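J.: Sequence first, predicted model second:
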Amino acid sequence: MTLSNSTILVTGGASGIGFALAQQLLQRGNRVIVCGRGAESLARAQAIEPALVTRICDVTDAESRRALIDWIAAEHPDLSVVFNNAGVQYRRSFAGDHALDDLEQEVAVNFTAPVQLIGEILPLLRRQKQAVIVNVTSGLAFAPMADVPVYCAAKAALHSFTLTLRHQLRHTAVKVVEMVPPIVDTGLGGNTRSDGTKNAGMMSPDAFATEALALLEEGHDEVLVGLSVGTRQHGEKLFQRMNGS
Ligand SMILES: NC(=O)c1ccc[n+]([C@@H]2O[C@H](COP(=O)([O-])OP(=O)(O)OC[C@H]3O[C@@H](n4cnc5c(N)ncnc54)[C@H](OP(=O)(O)O)[C@@H]3O)[C@@H](O)[C@H]2O)c1
């Protein structure tokens with residue numbers, strides 16, 4: 001698969017992994033649309049990459065998604081690649097208080113919204129000669145981290161959905177890919193990862209995007225990068241090692 005001369009949507013593409021993907025997709029000669037909730041972060045992204053097309057959209061909001069899709073259908077009807085990249089991650093403890101704070105939002109951004117967006121945008125994708133849906137899950141979909149339990153469960157659900165979606169669309173021109181980042185140095189989870197004690201396996205968003213796009217172009221159904229190769233392979237067997245006793 002060659003990722004050039006295409007029109008591509010990256011949800012959550014104004015920061016972190018999504019922005020690094022968007023930058024490298026622009027360098028390959030694509031038109032790249034990024035969306036997110038925050039006007040300021042979209043403006044910051046566009047100041048760095050003036051060629052970026054930006055659009056405010058809360059992917060968990062049905063009206064906001066509808067407006068995005070209608071606008072794409074009118075202004076960019078050749079859209080053929082969608083990265084479901086927007087994500088949030090919250091720490092929560094069922095041994096303590098507030099275990100359910102923002103539960104619906106965490107499940108919605110990481111699981112329900114990508115499913116809804118796919119269902120709503122498929123009619124447009126199916127009009128293209130070839131199209132690609134890339135669902136960004138996580139190495140934690142396979143081996144969960146105990147302090148972010150709902151995040152891991154939602155990513156596991158998105159992994160499962162991606163398998164069945166790929167199967168259902170196997171006779172169509174829509175390819176379904178799962179992109180599985182390892183721990184990457186972004187603001188996810190309120191910047192808890194950027195605390196100066198760099199995890200040994202932590203990648204920069206740029207390094208991740210470089211490897212991930214190369215694997216995507218090689219045609220892999222599952223784009224496994226860095227430590228995600230191990231979590232995909234060994235899954236829950238890694239649980240004790242990752243979480244201690
Ligand atoms: N960083 C890691 O270690 C890691 C590891 C595995 C998987 N991932 C996955 O990689 C993806 C990108 O995360 P990241 O690490 O790059 O984090 P990030 O820098 O926090 O980026 C997340 C993006 O999602 C957007 N977003 C959040 N809620 C949204 C909503 N309701 N509607 C639209 N956009 C929304 C945010 O923009 P606004 O807040 O402006 O809306 C932000 O641009 C996520 O799916 C994450 O789960 C990350």
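T.: Yep, it's here. All of these numbers come straight from a predicted model, not from anything done at the bench.
J.: Just after the helix or strand that contains residue 22, pick out the following helix or strand.
T.: Take DSSP states H and E as the rule and residue 22 turns out to sit in helix 16-27. Downstream of helix 16-27, the first helix or strand assigned by DSSP H and E is strand 31-36.
J.: and the next helix-or-strand element following that following strand, C-alpha only, in CSV?
T.: Per DSSP H and E, strand 31-36 leads on to helix 39-48 as the next helix or strand towards the C-terminus. The C-alpha trace of helix 39-48 is given here as CSV (Å, rounded to 0.1, in the frame of the first residue of the first chain):
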residue,chain,number,x,y,z
ALA,A,39,-9.6,25.0,18.8
GLU,A,40,-6.3,26.0,20.4
SER,A,41,-4.5,22.8,19.8
LEU,A,42,-5.8,22.6,16.3
ALA,A,43,-4.5,26.1,15.7
ARG,A,44,-1.1,25.2,17.2
ALA,A,45,-0.9,22.2,14.9
GLN,A,46,-1.7,24.3,11.9
ALA,A,47,0.8,26.9,12.8
ILE,A,48,3.5,24.2,12.6
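J.: and helix 39-48, is it in reach of the ligand?
T.: Yes - applying C-beta under 6 Å from any ligand atom, one finds helix 39-48 touching the ligand at residue 41. For the C-beta atoms, the positions are set from N, CA and C on the backbone; glycine is no exception.
J.: try stretch 231-243
T.: No - using C-beta under 6 Å from any ligand atom, we find that stretch 231-243 stays clear of the ligand, coming within 10.0 Å at best.
J.: what comes up buried for that stretch?
T.: Neighbour counts over stretch 231-243 (16 or more other C-beta atoms under 10 Å) mark 231, 232, 238 as buried.
J.: pLDDT of that stretch, averaged?
T.: Per-region confidence: stretch 231-243 scores 93 on mean pLDDT.
J.: Need the distance between the two termini of that stretch.
T.: For stretch 231-243, the first-to-last residue distance is 13 Å (C-alpha to C-alpha, to the nearest Å).
J.: can you give me the offset of it from its chain's centre?
T.: Offset of stretch 231-243 from its chain centre (C-alpha atoms, centre = their mean, to the nearest Å): 22 Å.
J.: All set, thanks.
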